[in-house]
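can't give you the sequence, but here's the structure:
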C-alpha cells in the first residue's frame with residue numbers, strides 16, 4: 001500500500017497542556033448491531049484522550065474559538081483510523097452543528113479526507129444531537145440538508161418524544177434516529193416507555209427511517225426493544241467502545257426464556 005502522508009492543519013485546537021501528545025486525542029469505536037443478522041451495521045467514532053479517558057476529558061482542553069478546527073480534526077482522525085483498521089461497515093461521525101457556518105466547506109474537507117485515506121464516503125453517517133434542533137432548528141435544518149444533498153446519511157442523536165425531534169421526522173430531515181437513553185431505561189417494565197417506543201418505531205417504519213436504540217445495558221432491555229420492533233442496537237450489553245479497534249461479527253443473544 002502506498003504511503004499516505006498526514007493531512008497537516010494550521011492552528012492548534014488544544015491548549016498547551018495537550019501539545020506533548022500526538023494529535024491530543026484518539027478514537028474509540030462502538031459498534032451498532034443489526035440484531036436480525038448479528039452483523040455490525042456501523043461503528044460510531046467516539047473521542048477519547050490518549051490514555052483512553054472520556055470525551056469530556058478532551059473537550060475541556062478545547063478553546064471555544066477553535067471548536068470548528070477541532071470538529072474537523074475529529075472527523076479526519078476517525079476516517080483515517082477506520083480506514084487503517086479495514087472498516088467494512090458504515091462509520092458514524094458526531095457533528096457539532098453550532099460551529100458549522102458553511103456546511104459545504106465541512107463536506108469538502110470530509111470528502112478530501114475520505115479520498116485521501118481510501119474510505120468510501122457512502123459509508124459515512126453524520127449524527128446531529130436533537131438538543132441543537134431545540135436551540136436553532138433553522139440552522140440545523142440547513143446543515144443536515146447540505147449533508148443529505150451530497151448523498152450522506154444523517155441521524156438525529158439523543159432522540160426523545162419531544163416536539164423538536166418529531167418536527168424533524170415530519171419534515172423528513174433525517175435518515176435515522178437514535179433513541180435517547182431516557183427512553184431505554186426500565187423499558188422492560190415501564191408501560192409508558194413501551195408505548196412511546198412502539199409508536200416511534202411504527203412512525204419511523206412508515207416514513208422509511210431506521211431506528212437505533214443506544215445505551216442498551218441489559219438482556220431485558222435488549223429483549224423488550226426487539227419485541228417493540230427496534231432492529232438496531234448499540235450499548236454496553238453488546239459491546240463497549242473499543243479503543244482504536246473495530247468489532248467483527250457479534251453473537252446476538254436469543255430472547256430470554258418466558
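Everything's here; your move. This one's a predicted model, so the numbers in the text were calculated from it and none came from an experiment. Residues are numbered from 1 along each chain as shown.

contacts, neighbours, all on C-alpha from now
Fine.

Tell me where this structure has helices.
With DSSP state H as the criterion, the chain has helices at 55-59, 67-84, 103-117, 130-135, 137-149, 163-170, 181-184, 191-207, 219-227.

Report how many residues lie close to the residue lying closest to residue 154 once chain neighbours are set aside.
Nearest non-adjacent residue to residue 154, counting by Cα to Cα, 6 or more residues apart in numbering: residue 126, 4.8 Å away. Other residues lying near residue 126 total 21 when counted by other Cα atoms under 10 Å.

partner residues bridging residue 126?
residue 93, residue 154 (DSSP bridges).

That one is in contact with residue 157, isn't it?
No - taking contacts as Cα atoms under 8 Å, residue 126 lies outside contact range of residue 157: 9.6 Å.

quick one on the thing from earlier: rank the helices of the chain by mean pLDDT and give me the bottom one.
Mean pLDDT is lowest for helix 163-170 out of these, coming in at a mean of 62.

returning to that earlier point: got a list of what the residue nearest to residue 154 touches?
Residue 126 makes contact with 92, 93, 94, 95, 152, 153, 154, 155, according to Cα atoms under 8 Å, 6 or more residues apart in numbering.

quick one: it from residue 227, how far?
Remark: distance between residue 126 and residue 227 (Cα to Cα, to the nearest Å) = 28 Å.

how much space between residue 32 and residue 90?
Using Cα to Cα, residue 32 is found at 9 Å from residue 90.

and for the two, which residues touch both?
Applying Cα under 8 Å, 6+ apart, one finds that residue 32 and residue 90 are jointly contacted by 41, 42, 43.

Quick check on residue 63: phi, psi?
The phi/psi pair for residue 63 (degrees, to the nearest 10) reads phi -70, psi 150.

swap that for residue 175, please
According to degrees, to the nearest 10, residue 175 has phi -100, psi -20.

Is it correct that it is in contact with residue 211?
No - Residue 175 is beyond contact range of residue 211, at 9.1 Å (criterion: Cα under 8 Å).

For these two, indicate the residue with more neighbours.
Taking neighbours as other Cα under 10 Å, residue 175 and residue 211 compare with residue 211 leading, 25 against 19.

what number of residues lie near the closest residue to that one other than its chain neighbours?
Distances taken as Cα to Cα, 6+ apart put residue 177 closest to residue 211, at 5.2 Å, once the chain neighbours are dropped. Counted with other Cα under 10 Å, residues neighbouring residue 177 total 28.

Could you pull up the contacting residues of residue 177?
When contacts are counted by Cα under 8 Å, 6+ apart, residue 177 touches 155, 156, 157, 159, 209, 210, 211, 212.

could you redo the last one with a cut-off of 10 Å?
Residue 177 makes contact with 127-130, 154-160, 165, 169, 200-201, 204, 209-214, according to Cα atoms under 10 Å, 6 or more residues apart in numbering.

sorry, back to before: as CSV, the shared contacts of residue 32 and residue 90 with distance to residue 50 and neighbour count would be great.
Formatted as CSV, the shared contacts of residue 32 and residue 90 follow (distance: Cα to Cα, whole Å; neighbours: other Cα atoms under 10 Å):
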residue, distance to residue 50, neighbour count
41, 27, 20
42, 23, 25
43, 19, 27
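
Tell me the one among the residues you listed nearest to residue 78.
residue 43 (10.3 Å; Cα to Cα).

The closest one: what's its closest spatial neighbour, skipping adjacent residues?
With sequence-adjacent residues excluded and distances taken as Cα to Cα, 6+ apart, residue 43 is closest to residue 31, at 4.3 Å.

Any idea how far stretch 38-54 is from the middle of the chain?
Distance of stretch 38-54 from its chain centroid, counting by Cα atoms, centre = their mean, to the nearest Å, is 9 Å.

Now do the buried residues in it.
Neighbour-count burial for stretch 38-54, counted by 16 or more other Cα atoms under 10 Å, picks out 38-50, 52.

Nice, that's everything, thank you.
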